[in-house]
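# Take this sequence and fold it.
(one chain, ligands or ions: 2)
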Amino acid sequence: MRLRVLGCAGGSAPGAQLSCYLLDDVLAVDAGALTTALDFGAQRRVQDILLTHAHLDHVWTLPLFLANRFGGPPVPCRIHGASYALETVRQHLFNDRIWPDFTEAVRESVPLVQFSPIDPGDVRKVLDYEVTSIALVHAVPSQAYLLRKGRSSLLVCGDTYSTDRLWEIADATPDLRGILIECSFPSRYDGLARASLHLTPRLLSHELEKLHADVPVLVTHIKPEDRAEVVAELEALRERRLRILRDGDVLDV
Ligand SMILES: [Zn+2]
Ligand SMILES: [Zn+2]
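Ligands and ions are numbered 1, 2, ... in the order given. Predicted coordinates for the structure are as follows:
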């Protein structure tokens with residue numbers, strides 16, 4: 001699998017792209033940067049999108065991405081996510097008020113959008129990937145996706161606070177090649193992280209005590225304003241499995 005980090009910022013600022021990951025040019029996880037990081041040709045190669053949850057920073061470009069599907073040849077797009085997230089997107093983004101309801105759009109007999117629920121515990125085949133959904137702990141239902149293709153697996157997490165199930169599954173996945181997980185705030189904001197159900201370096205280090213596998217932990221979703229502080233704290237942990245992602249990174253796993 002080739003993973004392109006289209007965006008991994010936990011907030012909006014010049015030069016920072018919001019959460020969005022692309023696998024092998026065809027499968028996206030979250031939609032924070034589909035139209036801001038991909039040209040039109042690359043956008044049309046995206047066939048499926050997995051939403052971790054429906055917070056705005058993770059679905060930000062979805063309405064504009066689907067609007068762009070009205071140009072060029074008709075290409076369907078399947079949107080997968082928890083039932084709650086899909087319902088939220090349908091009701092609050094594609095409601096004919098904030099944006100046209102593209103969910104029923106058809107071009108040349110091709111439905112442009114299909115919604116496909118995948119709830120925690122579900123396993124689905126999506127393109128060439130086996131996708132397993134894992135519940136996380138966040139202010140709204142959020143999930144991680146265990147993506148397996150061939151003999152490699154990758155765990156891509158949505159926003160989360162402390163959780164156990166994720167680490168149990170990580171340790172039970174021998175072909176796991178990496179875990180993308182958030183670390184939103186510096187540790188002096190532990191209280192805010194607890195209230196908003198995010199992680200800080202201190203909280204993440206407690207989480208990593210539950211992970212026994214020697215697998216890269218790829219940190220995402222750092223608030224741009226506090227990035228230098230969060231990075232310094234993460235480096236001070238001297239946890240050799242940690243790596244901090246940047247927008248534009250490409251990883252072969
Ligand atoms: Zn969130
Ligand atoms: Zn977020």
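
# And the pLDDT at the closest residue to ligand 1 within the stretch 151-253 of the chain?
Closest residue of the stretch 151-253 of the chain to ligand 1, C-beta to the ion: D159 (3.5 Å). Using the backbone N, CA and C atoms, a C-beta is placed for each residue, glycine as well. Looking at D159, its pLDDT reads 98.

# contacting residues for the closest residue to it other than its chain neighbours?
Nearest non-adjacent residue to D159, counting by C-beta to C-beta, 6 or more residues apart in numbering: H138, 4.8 Å away. Contacts for H138 (C-beta atoms under 8 Å, 6 or more residues apart in numbering) come out as 53, 158-161, 197-198.

# With secondary structure added, can I get these in CSV?
Shown next, in CSV, are the contacts of H138 (DSSP: H, G, I helix; E, B strand; the rest coil):
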residue, secondary structure
H53, coil
G158, coil
D159, coil
T160, coil
Y161, coil
L197, coil
H198, coil
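
# Out of those, who's the most crowded?
Most neighbours among those, by other C-beta atoms under 10 Å: G158, with 32 neighbours.

# nearest residue to that residue other than its sequence neighbours?
Spatially, and ignoring its direct neighbours in sequence, G158 is nearest to T52 (2.5 Å; C-beta to C-beta, 6+ apart).

# Now do the helices in the stretch 51-200 of the chain.
Under the criterion DSSP state H, counting those that start in this stretch, the stretch 51-200 of the chain contains helices at 56-59, 62-68, 83-92, 165-171, 190-196.

# got the residues of the stretch 151-253 of the chain near ligand 1?
D159 (C-beta under 5 Å from the ion).

# Get me the contact residues on the stretch 151-253 of the chain for ligand 2.
Going by C-beta under 5 Å from the ion, the residues of the stretch 151-253 of the chain near ligand 2 are D159.

# Quick check: phi and psi at the residue in the stretch 151-253 of the chain that ligand 2 sits nearest to.
Closest contact between the stretch 151-253 of the chain and ligand 2, by C-beta to the ion, is at D159 (4.4 Å). Torsion angles at D159 (phi, psi; degrees, to the nearest 10) stand at phi -60, psi 140.

# Look up how far E182 lies from it.
Using C-beta to C-beta, to the nearest Å, we find D159 at a distance of 6 Å from E182.

# overlap in contacts of these two?
Contacts common to D159 and E182, judged by C-beta under 8 Å, 6+ apart, are 198, 221.

# most remote residue from this structure's center?
Within the chain, E108 marks the point farthest from the mean C-alpha position, 31.3 Å out by C-alpha atoms, centre = their mean.

# Find the nearest non-adjacent residue to that one, please.
Spatial nearest neighbour of E108, excluding adjacent residues (C-beta to C-beta, 6+ apart): P74 at 5.0 Å.

# what does the model give that neighbour for pLDDT?
pLDDT recorded at P74 is 88.

# close enough to count as contact, it and P111?
No: with contact defined as C-beta atoms under 8 Å, P74 and P111 do not form a contacting pair (9.1 Å).

# related to what we said a few turns ago, the residue of the stretch 151-253 of the chain closest to ligand 2 touches A144, doesn't it?
No: D159 is beyond contact range of A144, at 10.1 Å (criterion: C-beta under 8 Å).

# what stretches of this protein score poorly on pLDDT?
Within the chain, no range satisfies pLDDT under 70.

# residues in contact with L50?
L50 touches 27-30, 80-81, 118, 126, 131, 145, 156, counting by C-beta under 8 Å, 6+ apart.

# Please repeat the previous calculation with a cut-off of 6 Å.
Residues near L50 by C-beta atoms under 6 Å, 6 or more residues apart in numbering: 29, 80, 145.

# Can you flag which of these belong to strands?
Among those, the ones falling in strands (DSSP state E) are 29, 80, 145.
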